[in-house]
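1. Give me a model of this one.
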Amino acid sequence: MIPFLHFGSLTIPTFGLSVACAMLLAYFVLRADLARRGIADAKSGEAETLVASPCLAGFIGAKLYHLLETPAEFFADPWHLLISPYGFAWFGGLLAGFATFAFVAWRLVKRSAVAGKSISFLTILDAGSPAAALGYGIGRIGCFLSGDGDYGIPTSLPWGMSFPNGLVPTTARVHPTPLYELAVACAIAWFLWRMSSNNKPAQIGKAAQKQLGNSGDVVPGQIFAMYLILTGAARFLVEFIRINPRSFLGMSNAQAAGAVSALVGLALYVMLGQRKVQPAV
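-> Purely as a prediction, here's the structure:
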């Protein structure tokens, strides 16, 4: 395991380095998707804002959610826990990151409308879905390298691994669940990208109020709904072999959140699929 990289007196956590790489790759994917949809030019800077702002909010939300999960422990030593580089909750990051992304996307829709460019809010959520899936997977590389306790339960499978030098060490051979999540997240990102590859770019001008309107095309919002379904289902399933504590109906917090995500995504996908969208003119 490599929890830290040392360059003289400089120490870099591999988890933080992986998160930075995840943000960078997510930025390039989002920028490409915004450009191919006709939402924003690659040089516009919109992708930077749509990635940087949610990531910053996600860090804050993940830290606060983790601290508030155990308020007694937090209030016993608040300052040390606040500045600690450890202790982040996936669900808190998801809530804060998505809320911020939605706000930035809403501002982009408003600015585009003023400029005479019709863009669907749901289409921006669609564009952000492959990037979000890929970024999550790349971030899991940091969990694997640091051995931070995100591994699974003991296993006798040939690819089981031990983490004796991890931040949360174990000598038992366990499921390397971060690698599972990396593989699944990359597959989800590829599927979502391909799902929208045949859609037409967003139309420009007041007369074009409907995007992606041909029969057989994906309705705006359905790619985002599929993202919720697939990522929620993946997190729900992997939690069966994770060591996270159980709290809600025998499920971990992340597993419950994954189930809710999948159900909300399924409902949204079905609801959007029932819309009768006419061809754009």
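
2. how close does the closest residue to residue 174 other than its chain neighbours get to residue 255?
-> Leaving out its chain neighbours, the residue that sits closest to residue 174 by CB to CB, 6 or more residues apart in numbering is residue 151, at 4.8 Å. All C-beta spots, glycine's among them, are computed from the backbone N, C-alpha and C. Here residue 151 is placed at a distance of 16 Å from residue 255 (CB to CB, to the nearest Å).

3. These two - which one has more neighbours?
-> Between residue 151 and residue 255, counting by other CB atoms under 10 Å, residue 151 is the more crowded of the two (27 against 23).

4. gap between that one and residue 170?
-> Taken as CB to CB, the span from residue 151 to residue 170 is 7 Å.

5. Backbone dihedrals for residue 121, both of them.
-> phi -60, psi -40 (degrees, to the nearest 10).

6. just residue 161 next, same as before
-> phi -130, psi 150.

7. Who are the contact partners of the closest residue in space to it that isn't next to it in sequence?
-> The shortest distance from residue 161 to any non-neighbouring residue, by CB to CB, 6+ apart, is to residue 176 (4.8 Å). The neighbourhood of residue 176, defined by CB atoms under 8 Å, 6 or more residues apart in numbering, consists of 144, 151, 152, 159, 160, 161.

8. List just the nearest of these to residue 42.
-> Proximity of those to residue 42, judged by CB to CB, is greatest for residue 144, which lies at 31.8 Å.

9. Quick check: that closest one touching residue 179?
-> Yes: assessed by CB atoms under 8 Å, residue 144 is found in contact with residue 179 at 5.9 Å.

10. now the helices: where do they sit in the stretch 51-200 of the chain?
-> 71-76, 78-83, 90-114, 121-146, 177-195 (DSSP state H, counting those that start in this stretch).

11. Report the angle between the last one and helix 121-146.
-> The one in question is helix 177-195. Angle, helix 177-195 to helix 121-146, by axes from the mean of the first three to the mean of the last three CA atoms, to 10 degrees: 150 degrees.

12. same deal with the third one?
-> Angle between the axes of helix 90-114 and helix 121-146 is 150 degrees (criterion: the same axes, to 10 degrees).

13. please begin residue numbering at 9 from this point
-> Okay, residue one is now 9; in that scheme the one you just asked about reads as helix 98-122.

14. Touching helix 98-122 from outside, list them.
-> So helix 98-122 is contacted by 47-48, 54, 57-58, 61-74, 126-129, 132-133, 136, 243, 261-262, 265 (CB under 8 Å, 6+ apart).

15. The second one now?
-> Counting by CB under 8 Å, 6+ apart, the neighbours of helix 86-91 from elsewhere in the structure are 71, 75, 81, 82, 95.

16. buried stuff in that helix?
-> residue 89 (16 or more other CB atoms under 10 Å).

17. ok, residue 114 - how many residues close by?
-> Other residues near residue 114 number 12, with proximity taken as other CB under 10 Å.

18. Which pLDDT does the model give it?
-> pLDDT recorded at residue 114 is 91.

19. Tell me how far it lies from residue 59.
-> Distance from residue 114 to residue 59, by CB to CB: 16 Å.

20. Just tell me which of the helices of the stretch 59-208 of the chain ends up closest to residue 20.
-> So among those, helix 129-154 is nearest, using CB to CB, at 11.0 Å.

21. So which bits of the closest one are buried?
-> 130-154.

22. low-confidence ranges in this protein?
-> For the chain, the stretches with pLDDT under 70 are 91, 93-95, 98-99, 206-224, 284-289.

23. what about the strands in it?
-> 12-15, 18-21, 169-171, 178-182 (DSSP state E).

24. Just name the most buried of these.
-> With neighbours taken as mean count of other CB atoms under 10 Å, the strands of the chain reach their highest mean count in strand 169-171, at a mean of 19.

25. Residue 180 against residue 159, yeah?
-> No: the criterion here is CB under 8 Å, and residue 180 misses it with residue 159 at 9.5 Å.

26. Make a markdown table out of the helices of the stretch 59-208 of the chain and add distance to residue 174.
-> Putting those into a markdown table (distance: least, CB to CB, whole Å) gives the following:
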| stretch | distance to residue 174 |
| --- | --- |
| helix 79-84 | 22 |
| helix 86-91 | 20 |
| helix 98-122 | 18 |
| helix 129-154 | 6 |
| helix 185-203 | 11 |
